[in-house]
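Undergrad: model the following, please.
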Amino acid sequence: MALWVIRILFLALCTMAGYAISQVRPEFVGLRHAGLVGVAIGFGFGWLLIALDEMLKGFSLRAFSATTFGLLLGMGVAMLIDRSGLFETVEEQPTRWLIRLGLFLGFGYIGMVLAMRSNKEDFSLIIPYVRFAPRTRPDNLLLLDTSVIIDGRIADLVEANFLEGIVVVPRFVLRELQQIADSSDPVKRARGRRGLEMLNRLRRNPRNEVKIHDGDFPEEPGVDAKLLRLARNLGAKLFTNDYNLARVAELQNIPCVNINDLARALKPVVLPGEVLTLRVAREGREKGQGVGYLPDGTMVVINHAQPYVGQQVEVQVQSLLQSATGTMVFADLRAPAPAST
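TA: As a prediction, this is how the structure comes out:
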């Protein structure tokens, strides 16, 4: 949006410049209707440059530098051939001019094409001891959405040094957190306040810098659409707990990490035959069964453990059941673990 504002201002300036030139030097544009002709020429010149800008949208600064270098190199080779005396036998001036034009155009084009196809190692062979390498590494940007801030596990990952980079929090996400914290619903209010506490915790961590980004996209309908667009513009990796947002980001080829997927991938693997020590939390559905939980929340159904509710016991894993809600472990009671003193 800001780019088009600049373009419109530039077009207006070109139009005014064309009119001003027509008034100062009317002979440049013709004495008849000089003002209108000057306005038309200025507007056309500005529009031509804007069209050229659109065509060069994917043309990077590196490509421009390589093209300029290749053009200069090709021109230098053409000048050497021209000065070598190969075409001194050609006496007709127009013919020599055409030969020189062909030389400069041909070698200029070949130089640009070769430079565009070359990599930085090729340049280091042409110019010894010179390496075309970036002076600094690009910033690793971690873009957070509302759900992952409220969840809080992102702060644990940053503090444990699993994530490095600049944490980016958009201002529209901050506004959403503030609205949730000011909600009349006590559950929402608690979630919003937790999110603000997690942000303060991230800001206090000296390992990672936290930046509040002011970018906003008023034309986008919702926060998710704004997040996707901001992630694409910044080249940032989006962190979320929202399954649908993660899938949309995947469809749009935007790097995205779902913290829930990460948590599932890091769950400890429990194999049949393994011996575990855990606390029997409650009775099971079937007679004689007890139920315990692993540290990650996985439910363990223990046979013959009903009398040991509230106690630490040793169990041996017999089988695993994978369901839509997660993994359920079935185990047999071995013996009560000795009480800790």
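Undergrad: in stretch 206-218, what's buried?
TA: Residues of stretch 206-218 classed as buried by neighbour count (16 or more other CB atoms under 10 Å): 208, 210, 213, 217. C-beta: built from backbone N, CA, C; applies to glycine.
Undergrad: which of the three states applies to the last one?
TA: Spelled out, it's Phe217. What DSSP: H, G, I helix; E, B strand; the rest coil gives for Phe217 is coil.
Undergrad: I figured it was touching Leu227, is that so?
TA: No. Contact criterion CB atoms under 8 Å: Phe217 and Leu227 do not qualify, at 9.7 Å.
Undergrad: low-confidence ranges in the protein?
TA: Residue ranges of the chain with pLDDT under 70: 1-2, 25, 27-33, 56-62, 87-93, 117-139, 323-326, 335-341.
Undergrad: and the top helix by length along it, what other elements does it pack with?
TA: Counting by DSSP state H, the longest helix found in the chain is helix 93-117. The helices and strands touching helix 93-117, judged by 3 or more CB pairs under 8 Å, 6 or more residues apart in numbering; DSSP states H and E, are helix 61-83.
Undergrad: helices or strands up against the helix it packs on?
TA: Judged by 3+ CB pairs under 8 Å, 6+ apart, helix 61-83 is in contact with helix 93-117.
Undergrad: mind putting the buried residues of stretch 206-218 into a markdown table with distance to Lys287 and secondary structure?
TA: Listed next are these as a markdown table, based on distance: CB to CB, whole Å; DSSP: H, G, I helix; E, B strand; the rest coil:
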| residue | distance to Lys287 | secondary structure |
| --- | --- | --- |
| Asn208 | 53 | coil |
| Val210 | 54 | strand |
| His213 | 58 | strand |
| Phe217 | 60 | coil |
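Undergrad: and of those residues, the nearest to Gly192?
TA: Of all the buried residues of stretch 206-218, Val210 has the smallest distance to Gly192: 18.1 Å, by CB to CB.
Undergrad: wait, the closest one sits on Leu199?
TA: Yes. Val210 is in contact with Leu199 according to CB under 8 Å; the separation is 7.4 Å.
Undergrad: joint contacts of those two?
TA: Taking CB atoms under 8 Å, 6 or more residues apart in numbering as the criterion, Val210 and Leu199 both touch Val169.
Undergrad: thinking again about what came up before, any chance of JSON lines for the buried residues of stretch 206-218, columns distance to Asn253?
TA: Formatted as JSON lines, those follow (distance: CB to CB, whole Å):
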{"residue": "Asn208", "distance to Asn253": "26"}
{"residue": "Val210", "distance to Asn253": "26"}
{"residue": "His213", "distance to Asn253": "21"}
{"residue": "Phe217", "distance to Asn253": "19"}
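Undergrad: and those residues, which is closest to Met16?
TA: Nearest member of those to Met16, counting by CB to CB, is Phe217, at 31.4 Å.
Undergrad: for Ala249, see how far away the nearest residue in space to that closest one that is not next to it in sequence is.
TA: Once flanking residues are discounted, Phe217 sits nearest to Lys226: 4.9 Å by CB to CB, 6 or more residues apart in numbering. According to CB to CB, to the nearest Å, Lys226 and Ala249 sit 13 Å apart.
Undergrad: what do you get for Ile110?
TA: 43 Å.
Undergrad: who has more neighbours, those two?
TA: Ala249 (23 against 15; other CB atoms under 10 Å).
Undergrad: contacting residues for that one?
TA: 228, 231, 238, 240, 255-256.
Undergrad: top of those by neighbour count?
TA: Leu238 (27 neighbours).
Undergrad: so that one belongs to a strand, correct?
TA: Yes. Leu238: assigned to a strand according to three-state DSSP.
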